[in-house]
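with the input below, show me the fold.
(chains A, B, C and D)
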Number of protein chains: 2
Amino acid sequence: MAQSRALDDGTAHDGRRDLAAMIVPLGRALMAAESPVLRAHGLSMWAYSVLLALGEEPVRTQNALAQAIGADKTRIIGVLDGLQERGLIERRPDPGDRRVRLLSLTAEGRRLRDSAQAGIRERETRLLARLPAADRTAFLRALRTLSSLPEDEIIDPE
Amino acid sequence: MAQSRALDDGTAHDGRRDLAAMIVPLGRALMAAESPVLRAHGLSMWAYSVLLALGEEPVRTQNALAQAIGADKTRIIGVLDGLQERGLIERRPDPGDRRVRLLSLTAEGRRLRDSAQAGIRERETRLLARLPAADRTAFLRALRTLSSLPEDEIIDPE
DNA sequence: TATTGTTATACTCTATAACTATA
DNA sequence: TATAGTTATAGAGTATAACAATA
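Okay, here's the model as predicted:
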């Protein structure tokens, strides 16, 4: 039968592996790289995500917060409990609609988030230093473009 | 207290989010994009990974195959059973050491893999078309560089 | 009746440990 | 005894469904 691939090394087409085959393990390794920093700050991955999301913009409902970080609303309840007990976030009922919880960072939460993020960024910088400067900026620009696309357009690009 | 971030939108430093915060959801979306193609071919994500890994180079032990695709050796046994039953892979004892199983793709396995990969690549191409050509090539080059690093060097870059 | 948050349950995925067969 | 593969068990993580409070 016809052999449609010059080299049978999994790098058909333009000589690369599938995007997901490169990106997913890279993401896993990046999470593993973050983990000691987060552990030193007493934060789980989800807790750190929450701190980041609350810094981005004040969030009005827990459901909205959960969706913003790609989690189920039931998933983050324990996380919010822990952060609140440690005084890193505030969670109080909205006077206007006492069903919803207004979520915000405390000053200490902001400090901890910044400290953890600084450690993470430092490692990222060293990793990115392996790329030529031009590739690095293009990589980051492309990454920002792709990661800001709505998920639908990634799943089914036209 | 001092506000160390000009804008509190989670984009400190060089105006971007954490690498993992961009890459991990992107990887998830890419897997979601692959999933209908794989389902149409009757393949799970792990089964597809196995077909790709066997295409890259013949593998001598199941343990080595599992590690190559980032799985536990116990995790892929059911996957191999299914692929073998469908005649997509061959799995026979090594005559030299009958403990080990020699793993290889059949012609039909190769065909199925190529067909699935073609569908996946087509979607990827449309997605990457959203990037300027220069960014696209730099992105792919950088991605190949980073994803080919040993995991240790990503976790703890010097 | 609908919605927010919560709790309880079930399900999936993954890792660990125990077993067999070969060496 | 050590290793490759397999099976069985247990654990973590996640999603689904039921519940209480408020609107």
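
so what secondary structure elements neighbour the lowest-mean-pLDDT helix or strand in chain A?
Here the helix or strand of chain A ranked lowest by mean pLDDT, DSSP states H and E is helix A:151-155, holding a mean of 89. Applying 3 or more C-beta pairs under 8 Å, 6 or more residues apart in numbering or on different chains; DSSP states H and E, one finds that helix A:151-155 contacts helix B:19-40. Glycine gets a C-beta too; all of them are placed from N, C-alpha and C.

touching DNA strand D at all, whichever helix or strand comes after the helix it packs on?
Past helix B:19-40, further along toward the C-terminus, the next helix or strand under DSSP states H and E is helix B:45-56. No. Contact of helix B:45-56 with DNA strand D (C-beta under 7 Å from any atom of the strand) is absent, the minimum separation being 12.0 Å.

which residues are in contact with helix B:45-56?
Applying C-beta atoms under 8 Å, 6 or more residues apart in numbering or on different chains, the external contacts of helix B:45-56 come out as A:8-10, A:17-18, A:21, B:31, B:34-35, B:38, B:43, B:59, B:65, B:68-69, B:71, B:75-76, B:79-80, B:82-83, B:88-89, B:103-105, B:109-110, B:112-113, B:116-117.

what angle sits between it and helix B:19-40?
90 degrees (axes from the mean of the first three to the mean of the last three C-alpha atoms, to 10 degrees).

and helix B:45-56, what's buried?
For helix B:45-56, burial by neighbour count (16 or more other C-beta atoms under 10 Å in any protein chain shown) applies to B:46-55.

tell me where chain A has helices.
Here chain A has its helices, by DSSP state H, at A:19-40, A:45-56, A:62-68, A:77-85, A:107-128, A:133-147, A:151-155.

who are the packing partners of the fourth one?
The reference is to helix A:77-85. Taking 3+ C-beta pairs under 8 Å, 6+ apart as the contact cut, helix A:77-85 packs with helix A:45-56, strand A:89-93.

shaky segments in chain A?
For chain A, the stretches flagged by pLDDT under 70 are A:1-13.

for it, which residues are neighbours of DNA strand C?
Those residues of chain A that sit near DNA strand C, judged by C-beta under 7 Å from any atom of the strand, are A:61-64, A:73-74, A:77, A:80, A:99-101.

next one: the residue nearest the centre of chain A from DNA strand D, what distance?
Centroid check for chain A by C-alpha atoms, centre = their mean gives A:Ser49 as the closest residue, at 6.3 Å. Applying C-beta to the nearest atom of the strand, to the nearest Å, the value for A:Ser49 to DNA strand D is 11 Å.

same deal with A:Ile154?
With distances taken as C-beta to the nearest atom of the strand, A:Ile154 is found 17 Å from DNA strand D.

so what's that residue closest to, chain neighbours aside?
Nearest non-adjacent residue to A:Ile154, counting by C-beta to C-beta, 6 or more residues apart in numbering or on different chains: B:Ala29, 4.0 Å away.

ok, the one you found - contacts?
With C-beta under 8 Å, 6+ apart, B:Ala29 has these contacts: A:151, A:154-155.

tell me which of these is nearest to DNA strand C?
A:Ile155 (17.7 Å; C-beta to the nearest atom of the strand).

now the closest one: closest residue in space that isn't a chain neighbour?
A:Ile155's closest residue in space is B:Ala33 (C-beta to C-beta, 6+ apart), at 4.5 Å.

hmm, back to that, need the helices and strands packed on helix A:77-85 in CSV (columns: distance to B:Leu143).
Putting those into CSV (distance: least, C-beta to C-beta, whole Å) gives the following:
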stretch, distance to B:Leu143
helix A:45-56, 23
strand A:89-93, 35
